[in-house]
Every structure is written in structure tokens, then in C-alpha cells.
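Build me a structure from this.
(2 chains)
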There are 2 protein chains.
Amino acid sequence: MKILIIGSAGMVGRKLTAALLKDGIAGRKPDSLVLSDVVETAIPADAPKDTKSIVADLSAPGAAEALVAKRPHLIFHLAAIVSGEAEADFEKGYRVNFDGTHALFEAIRRENQKSAGAPYKPKLVFTSSIAVFGEPFPDAIPDDFFHTPLSSYGTQKAMAELLLSDYSRRGFFDGIGIRLPTICVRPGAPNKAASGFFSGILREPLAGKEAKLPVSEETRHWFASPRAAVKFLLHAAALDTAKLGARRNLSMPGISATVGEEIAALRRAAGDKAVALIKREADPAVAKLVAGWPRNFDTVRATKLGFEAEKTFDEIIAAHLEDELGGRPV
Amino acid sequence: MKILIIGSAGMVGRKLTAALLKDGIAGRKPDSLVLSDVVETAIPADAPKDTKSIVADLSAPGAAEALVAKRPHLIFHLAAIVSGEAEADFEKGYRVNFDGTHALFEAIRRENQKSAGAPYKPKLVFTSSIAVFGEPFPDAIPDDFFHTPLSSYGTQKAMAELLLSDYSRRGFFDGIGIRLPTICVRPGAPNKAASGFFSGILREPLAGKEAKLPVSEETRHWFASPRAAVKFLLHAAALDTAKLGARRNLSMPGISATVGEEIAALRRAAGDKAVALIKREADPAVAKLVAGWPRNFDTVRATKLGFEAEKTFDEIIAAHLEDELGGRPV
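Numbering: from 1, shown residues only, chains lettered A, B, ... in the order given. Have a look, this model is predicted:
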């Protein structure tokens, strides 16, 4: 199986690559792997010999065609600029998040339409986001709730979801869109996402460092771990999409939790000393933004289809400690 | 007030122009009018002296910029190729219905961003469609039901709705999207829309001609008259969009009726002789397509905002007789 990962240098891309190499998809490991991003992707030691890192911007002319020309059987499209940047730079957001995705889909369609050789119809797994939803919400967002994004990022993801469904319906590829919850605990340095503090208030104290909390403890949001995110993508890649019908985009399961509940779990994992490292610095602009975000979902379809996430924040913290900190707080 | 109508040569465009010239918007008649379409638009006798007909394809380079350069205060964007054609010609559908709309929105944004002169922020009324929804449905589709189009046309309209919301949220223009029910009775010759028979079985018998019925009498669908459609657009143009919040696309009120109920209304208006002109010719392909279409809506928001449609098919037929046939069947 030839696999292409677009957005391979990002946090989810690297973890997905590692999991693919370790466990494969339904037991099948990749025979060939192409890792593509706007920066060089480090090739893991256990990757197949001919694994390539290709530096490319999907929205640049010819870039998508070049990636698709090798006819990968499975494509993970994870590449995007984050919400904060897409909001700050309107043109860049549409170029990367929408035009880039459209260019990829078009490159696959053209390859599909070529009469020469066997018909080409790859499986395509796309990472969407809960940012396709905007307030006001019901208590738990059902699977049939409408898309009312309150950001350009969410708009771009929602448009890409629609394209994915239509291109799949027309038979150009076999697509599935995965709406990731906010990933927590996100390892590494903070990125430009306005949601960064949700991870920061756990990651930094667990590493013995201070973290800022810009919102109140009552603030509720929707979470899954990086480990769960990778499991979603691998499960999506193995899933028989006939089970989806025409509705190819799914909200993933997760945990609805308040900042206070995050802090309580931190206390259970690392004690009062860790909690004391959280510094309250109210930021009304961030609080206002976060107030428009989803807080809870009723993910009936994804759960029936076998997608699974953590059930408690204690599990999320345990996964972070295991994957990033050798099992326990610094 | 300077008004631009894109798609002015179509059925709704011509009726909208006539209503604008007769009644204006909230009593204000246009000082200046530009009528644009891919074909020449006949300029009505009562139009302002400097009214122009501009033949242009929105998706052609520079076309949208040229239309927007005159800074119309109000833009009606009605231009689209119909569902049947967008399904038959994938590339043309995306080019006209999506790229053309995107080009228009971008032209307005660039004009808005120009520092020279007064800020430019027109009101924009866009005609969307109930084709943004696809089965399975609840008994009546609520305002917060998700977009699951089962056609490329519906996908293009849903993507345009998302763009309209985001461009409005960013302040580039003041947009409102109007999801029209299936227009019935559509006057004139049949077009390529697969929904054409819903009008044909009334229009043709009322004019003393035969009509084909490809589906069963139990087939239910969602309707409004051309007169109601024009009223929706004029009401949208006059509406204070602050009342919409971030949710700028609205399903319009209409009538949920079966083909059998259409025929019963035809019998009341024109007798058994007219009904006898309907020839049953089952077409399973059309029946399958129609089965995926919306049948009923619960348009709470639009109704609260003052949008109004007919309540019975008798009213729809009476409007057709008055507007097209001098008041009574041929």
C-alpha cells in the first residue's frame, strides 16, 4: 500500500506516521510512504527504504498534481494553517486551507479521469475541525446540526467538507472527513491557535513550568488526546465508507470538560504544586472567542462506526505523561 | 440607489426588475440600474434612462471587477446554471456557480479594501436553493438542519452560502442568502431543471396543452410562486441584517404539497378537461432524483423575519393565471 501524508511535519502528522509504521492500517504496513509538508519532514528510522520527504505548498501550481501522479492508494490530508493565522491573514487562510485542498481534490479527479491505465480512486482521509460550528448551540451538538462557522478557518474547513462529499459522490475518490476535537494535551511549543491555553495549563505545569489561564474555570470545551486523534485517522482509513452513505463528514467523540475539571485532573496527577503554576491572567478577547466555540457533542454516528476517545481527563493526562514525559510529571 | 442585478435575463431576474421598477425597495426606486447576464437583457421601458445591459460571465477574468467598479449599493446575485446542467457538466457547474460567485465576492472585498474614497460595503442578496439539503430528512426540515447536498449544484450553493457568511462577518459586504423553494408555476419554456414537471403539469394544461408526469401522485415537494420569490428578494434587500446575526442564509417559506394536491388545485381552477391533459409516463430516473429532495420545511426564522409565501396551491395557480394568462385558463 502506497501512502501519502500531506501535513506530515505537524504534530498529528508525525504521530500518525509513527503509528502507521508501528501498527499499520488494519495490520497492513505501508510499502511506500511519501511525507509532504511546507517544511522538510524528518524520515523515521523504521520507514520503508524509499520513503520520501517532499517540501511542497499544495496551493502552488502543479504541487498537488506532482504528489498525486504517483497514485498513492491512501492519502491523509492534514495540512492547514491554524485558526488564529487564518483569521489574521484572510488571503493566506483561503489560499492554503481552501485553494490547497481544492487543488488536491482536482488533481485526484484529473488522475481519476485519465483513461490510460487502471482507474485511480484513492481513499482520502481529511482532518476537519469542530470550528465548522458556531454558537448558539444546543446542550450537545447532534450529528445533523448545521454549519455556522464564526471564523474564516471554520468556513474553509466546512467548504472543504462539502467538496469532499461531492467528489466522493461523483466517484473521483473515496473520502472521509474527520472533525477533530481540540487536541489536548498538545505537546511541544505553543502554536498560534487561540485554543492553546487548554493544553498549556496542563503541559507546562506537568513539566514544572508556569502557564497562563486567560479564561474562567467555568469555561467548557470539547477535547481528545493526540493519541485519540491518531486512532481516529487510522480507523477512518480502514473504515468501509459504504457505511457512511452520502454523509461523509463526522464529528469525533471526545470529552466535554471545563477548565476547572482539567485543573482537578491535573491536581490528581501532579498535586497542588503543579496547580499552583497556573497563573490567572484574564484576557477578555480570548474569552469572547472561546465563548463562541462548541462545548459538547452527541456523536452518535461516529460512536456507532467504532471511533473511540478517552472518557476522562485523567486518561488524557495519563496518555500525555506516557507519550511525552516517560510516564510521570517532571 | 444604484442597483446591480446579475442573472437579470432569467425568469426571476426579469420579474425582479419589473417589481423593482414598479414598487422599488421599501418605496425607493432605483436611480441607476445595471442588468447583467451571459446574454443580452431586454431593458424595460420604465427603467431609468442610463440603465445598462452588460453581457458578462462572472467567472471570466475581470468580469466581476468591472461590474463592481461602479460601486452599486445593492447587488442581487441570481446567476447560476441549473441543477441538471451542473450535474451533467461538473467543470462548468463549479466554474459558473462557485468560481463565478467567489469572483464576485472577491471583487467586492478588493473594492472594500481600497483606501481611496468612501468605504464600500454593498448589500448583497444571493439566491441559494433547497438543494443544499439531501435525504434522509425529518418530517419538516428545521432552520438548523445540516447541509448534505446530493448534487453538485447543491454543493456549489452550500459553499457559496458559507462564503457569503464569512465575507459578511468580516465586513466586506452585507450579505443575505435566500434559499428558494422550487418555483411553481414557472412560466415560459421548460429549462434543464429535473424539477420542471412540477410546473409543467399545471402550466401546460392551463394553456390547453399536454404535459408529462414522470412520478407518482404521492410525490411531495416544496413550492413557492415566482411572485413569492420576487417578494422574498425585495424583502431581503430591505431587511436589517442585524436581525440575522451570523446566520445569514435562510430557508424561505413555501407550500409542502403532493403532485396529487397540485392536480386537485388544477381541477378546481380549470376542470377535468385540463387534468385530462396530464399524461402519466413514469420515469424511474427522475423519480429517484426527486425522492432525494426536500419535501417540507419549518421556516421559523424566515417567517419571524417577515418573509411570506402562498398558503395554498389555489393561490399559486391564481397568481400564475393573473401574471401570465390574463386571469383565466386558455
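
how close does the nearest residue in space to residue A:187 that is not next to it in sequence sit to chain B?
Here the nearest residue to residue A:187 in space, its sequence neighbours aside, is residue A:324; by C-beta to C-beta, 6 or more residues apart in numbering or on different chains that works out to 4.8 Å. (Each C-beta comes from the backbone N, C-alpha and C, glycine too.) Separation of residue A:324 from chain B (C-beta to the nearest C-beta, to the nearest Å) stands at 36 Å.

repeat for residue A:66
Taking C-beta to the nearest C-beta as the measure, residue A:66 falls 21 Å from chain B.

The stretch 101-250 of chain A: helices as residue ranges?
If you assign secondary structure with DSSP state H, counting those that start in this stretch, the helices in the stretch 101-250 of chain A sit at A:152-169, A:196-206, A:226-238.

ranking those by burial, who's on top?
Among those, helix A:152-169 has the highest mean neighbour count (mean count of other C-beta atoms under 10 Å in any protein chain shown), at a mean of 26.

Briefly note if that helix comes near chain B.
Yes - interface with chain B: helix A:152-169 contributes A:152, A:155, A:158-159, A:162-163, A:165-166, A:169 (C-beta under 8 Å from any C-beta of the partner chain).

would you turn those residues into JSON lines with pLDDT?
Converted to JSON lines, the residues of helix A:152-169 next to chain B look like this (pLDDT from 0 to 100):
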{"residue": "A:152", "pLDDT": "96"}
{"residue": "A:155", "pLDDT": "98"}
{"residue": "A:158", "pLDDT": "98"}
{"residue": "A:159", "pLDDT": "98"}
{"residue": "A:162", "pLDDT": "98"}
{"residue": "A:163", "pLDDT": "98"}
{"residue": "A:165", "pLDDT": "98"}
{"residue": "A:166", "pLDDT": "98"}
{"residue": "A:169", "pLDDT": "97"}
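
Mind putting these into TSV with distance to residue A:58?
Compiled in TSV, those are given as follows (distance: C-beta to C-beta, whole Å):
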residue	distance to residue A:58
A:152	18
A:155	18
A:158	18
A:159	15
A:162	18
A:163	14
A:165	20
A:166	19
A:169	22
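
From the residues you listed, pick the one nearest residue B:114.
Using C-beta to C-beta, residue A:152 comes nearest to residue B:114 of those, at 20.5 Å.

If you count neighbours, what's buried in the helix or strand containing residue A:17?
The secondary structure element spanning residue A:17 is helix A:11-23 (assigned by DSSP states H and E). Within helix A:11-23, the residues that qualify as buried by neighbour count (16 or more other C-beta atoms under 10 Å in any protein chain shown) are A:11-17, A:19-21.

just how off-centre is that helix within its chain?
Averaged C-alpha coordinates place helix A:11-23 at 13 Å from its chain's average position (C-alpha atoms, centre = their mean, to the nearest Å).

ok, now stretch A:81-93?
Taking C-alpha atoms, centre = their mean, the mean C-alpha location of stretch A:81-93 is offset from the chain mean by 16 Å.

how long is stretch A:168-177 from one end to the other?
Between the opening and closing residues of stretch A:168-177 we find a distance of 11 Å, counting by C-alpha to C-alpha, to the nearest Å.

Name the residues of that stretch that are buried.
Of the residues in stretch A:168-177, those scored as buried under the neighbour-count criterion (16+ other C-beta under 10 Å) are A:168-169, A:172-177.

Stretch A:311-321 too?
By neighbour count, with 16+ other C-beta under 10 Å as the criterion, the buried positions of stretch A:311-321 are A:313, A:315-321.
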